[in-house]
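Enquirer: prediction below, plus the sequence it came from.
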Amino acid sequence: MSRLPRPIKIVPSVLPADFANLGQACRDLADAGVDHIQWDVMDGNFVPNLTFGPDVIAACRRHVDLPFEAHLMVTNPGELAARYVEAGCTRLIVHAEACLHLHSTLGAIRELGATAAVALNPATPASAVENVLDLVDMVLVMTVNPGFGGQAYIATMEPKIARIAEMIGSSGHDVDIEVDGGIGVDTIAGAARAGANVLVAGSALYRDPAGLSHAVAELRSLAEAAR
Ligand code: DX5
């Protein structure tokens, strides 16, 4: 059974934003028409970079009404999950590679009242999510090795995206497929054609000389045209 098409969503990573003015950055992104905001949480251990703690996200929560999702690139997502829900994130994305008991961690996130998503690094096979599709509302396929923005899109992930779309179709569950890493005007169509409907972009939004609104609209139309 094939997966029913799900709405295209353009989601910014705030990694390239001005860290000295994140409240304004969130307002600018909301004005630019993004669907929700992704916070790339990095602990310096799971990935070689360090970014946002829950208090930073909590400080930005009052600036916009947009949903916040936390992409937890941390070694202990289960222990930190409650802090990010309290900070105002309604979706938590945990890495399969960071969870000794992924099934239990995803269930615990739902117990906190948030929706759960699972992320796969490039080397992790699609089969890693086969037994948890009933616990997630989204699967994130990384198209870069996590840790930094501005990296090149790994196109060899497209067959994995397509495989996950097939698995979701057969499961009967409504699950989004998010792609994160190197998404821009030259790569978004391939990701959408493969089955992604939630596209995360950082550099591509902030480097557009015509501004954020133009970048969001252009990416959205390219993704919709590709399906
Ligand atoms: C990697 C980060 C980046 C970021 C998007 O850990 O998750 O993928 O969100 O960065 P760009 O869009 O610049 O590749």
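Expert: Looks like it arrived, so ask away.

Enquirer: near the ligand, which residues of this protein show up?
Expert: Residues of the chain found near the ligand (Cβ under 6 Å from any ligand atom) are 13, 15, 40, 71, 73, 144, 146-151, 180-183, 200-204. All C-beta spots, glycine's among them, are computed from the backbone N, C-alpha and C.

Enquirer: just the buried ones from these?
Expert: Buried residues within the residues of the chain next to the ligand, counting neighbours by 16 or more other Cβ atoms under 10 Å: 13, 15, 40, 71, 73, 144, 146, 149, 180-183, 200-204.

Enquirer: among the residues you listed, which lie within helices?
Expert: Using DSSP state H, the subset of these located in helices is 203, 204.

Enquirer: inside strands: which ones of the residues of the chain next to the ligand?
Expert: Counted as lying in strands by DSSP state E, out of the residues of the chain next to the ligand, are 40, 71, 73, 180, 200, 201.

Enquirer: and of those residues, the nearest to residue 166?
Expert: Sorting those by distance to residue 166 puts residue 180 at the head of the list, at 20.5 Å, by Cβ to Cβ.

Enquirer: what about the nearest residue to the closest one once chain neighbours are set aside, distance to residue 183?
Expert: Of all residues not flanking residue 180 in the chain, residue 200 sits nearest, at 3.8 Å (Cβ to Cβ, 6 or more residues apart in numbering). Using Cβ to Cβ, to the nearest Å, one obtains 6 Å as the distance from residue 200 to residue 183.

Enquirer: quick one: low-confidence ranges for this structure?
Expert: Filtered on pLDDT under 70, the chain yields the residue ranges 1.
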